[in-house]
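Please work out how this folds:
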Amino acid sequence: MSIGIFYGTTTGNTGDIAVKVQEFFGTDDCALFDVKDNALSQCSDYDQLIFAIPTWDYGEVQEDWLEIWDEVDQIDFSGKTVAFIGLGDQYGYAEWFVDAMGMLHDKIVARGAGIVGHWPNQGYEFDESKALSKDGKYFIGLPLDEDCQREQTEDRLTEWCSQVMVEFASA
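Presented below is the predicted three-dimensional model:
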């Protein structure tokens, strides 16, 4: 299994999470790409992808992702299986919790990707999110709150990575 992990980070939190995901799947099977320094076109080298994106301010896309935002529309994700991780602050920005993850998801689905890694919305307190499934019961990926629920990150990440490993294998 060869996986490409693409992330953008400002404070380092999303980068730290991306490294943990790589360690879970194994450095031999996983390549890590900071979108600030790597072309998004490298996605074409992988059939399985994980995108990690934080939400900034009032539902904004993080600056490194914003720089390449239009490039996402140029990539054909047909035949790719994709999972998402979103970081956000559910209390300080309850109306926009992990919105950037939902916005990236929508762009990538529109380009043909198959999605895995849905996560229940229980255990979070937020008002709205663009990262919810149509029925509102799941997030379209794993939301992490390093500001208010850091103590839950390790368990959530381990469980989600185990889930995604199985879903990647059966995709």
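
Quick check: the gap between the nearest residue to Asp99 once chain neighbours are set aside and Phe25.
Leaving aside its sequence neighbours, Asp99 sits nearest to Gly59 (Cβ to Cβ, 6 or more residues apart in numbering; 3.8 Å). C-betas here are computed from N, CA, C, even on glycine. In this structure, Gly59 and Phe25 are 30 Å apart, going by Cβ to Cβ, to the nearest Å.

Count the residues that sit near the closest residue in space to His105 that isn't next to it in sequence.
Closest residue to His105 apart from its sequence neighbours, by Cβ to Cβ, 6+ apart: Ile140 at 4.7 Å. Around Ile140 there are 27 other residues, counting by other Cβ atoms under 10 Å.

wouldn't Ile140 be in contact with Ser129 here?
No - counting by Cβ atoms under 8 Å, Ile140 stays clear of Ser129, with 9.5 Å between them.

Mind listing the shared neighbours of the two?
Shared contacts of Ile140 and Ser129, defined by Cβ atoms under 8 Å, 6 or more residues apart in numbering, are found at Gly102.

Checking Arg156 next. Helix, strand or coil?
What DSSP: H, G, I helix; E, B strand; the rest coil gives for Arg156 is helix.

Would you agree it is in contact with Leu144?
Yes - the criterion here is Cβ under 8 Å, and Arg156 meets it with Leu144 at 6.5 Å.

Those two - which one has more neighbours?
For the pair Arg156 and Leu144, the greater number of neighbours falls to Leu144 (26 against 17), based on other Cβ under 10 Å.

if we can go back for a sec, so who does the residue nearest to His105 touch?
Contacts of Ile140 (Cβ under 8 Å, 6+ apart): 84, 101-102, 105, 115, 117-118, 131-133.

Present the residues you listed as CSV; the columns should include neighbour count, pLDDT and distance to Ala31.
Shown next, in CSV, are these (neighbours: other Cβ atoms under 10 Å; pLDDT from 0 to 100; distance: Cβ to Cβ, whole Å):
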residue, neighbour count, pLDDT, distance to Ala31
Phe84, 28, 98, 17
Met101, 29, 98, 21
Gly102, 25, 98, 25
His105, 24, 98, 21
Ile115, 19, 97, 20
Gly117, 21, 98, 18
His118, 19, 98, 24
Ala131, 30, 98, 25
Leu132, 18, 97, 30
Ser133, 15, 95, 28
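
Which ones among the residues you listed map onto strands?
Among the contacts of Ile140, DSSP state E puts 84, 115 in strands.

So which residues of the protein form strands?
3-7, 30-34, 48-56, 60-61, 81-87, 114-115, 119-120, 138-139, 142-144.

Kind regards, and thank you for your time.
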